[in-house]
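Enquirer: requesting a structural model of the entry that follows:
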Amino acid sequence: MQFFVSLLAFVYAGNWMDARFHTAPLFLLVGLFIGGGGSFVVSYRRLMRGANNTTTTRSGQSPTDRSS
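Expert: From the prediction side, this is the model:
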């Protein structure tokens with residue numbers, strides 16, 4: 001849901017700027033890439049953080065923290 005809201009907000013802002021400065025479709029495309037790319041990065045980081053939390057062992061250490 002957050003992905004689509006962010007994407008739509010940036011596309012709307014880009015479309016508004018294109019109408020204001022008569023530069024269609026320049027800012028629309030910029031808004032599309034910023035909104036889509038930024039949302040993807042945020043979703044990816046959130047997904048990787050969740051994946052890292054599930055890789056801990058029963059002792060509470062991650063598999064890479066085996067110092068003993």
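Enquirer: what average pLDDT does stretch 47-65 get?
Expert: Here stretch 47-65 scores 70 as its mean pLDDT.
Enquirer: now do stretch 30-38
Expert: 95.
Enquirer: and it, what's buried?
Expert: For stretch 30-38, burial by neighbour count (16 or more other CB atoms under 10 Å) applies to Val30, Gly31, Leu32, Ile34, Gly35, Gly36. (Each C-beta comes from the backbone N, C-alpha and C, glycine too.)
Enquirer: reformat those residues as a markdown table; add secondary structure and distance to Ala9.
Expert: As requested, the buried residues of stretch 30-38 are arranged in a markdown table below (DSSP: H, G, I helix; E, B strand; the rest coil; distance: CB to CB, whole Å):
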| residue | secondary structure | distance to Ala9 |
| --- | --- | --- |
| Val30 | helix | 13 |
| Gly31 | helix | 8 |
| Leu32 | helix | 11 |
| Ile34 | helix | 10 |
| Gly35 | helix | 7 |
| Gly36 | helix | 11 |
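Enquirer: contact partners for the spatially most central residue of the chain?
Expert: By CA atoms, centre = their mean, the chain has its centre lying nearest to Ser39, at 2.4 Å. Going by CB atoms under 8 Å, 6 or more residues apart in numbering, Ser39 touches Gln2, Phe3, Ser6, Leu7.
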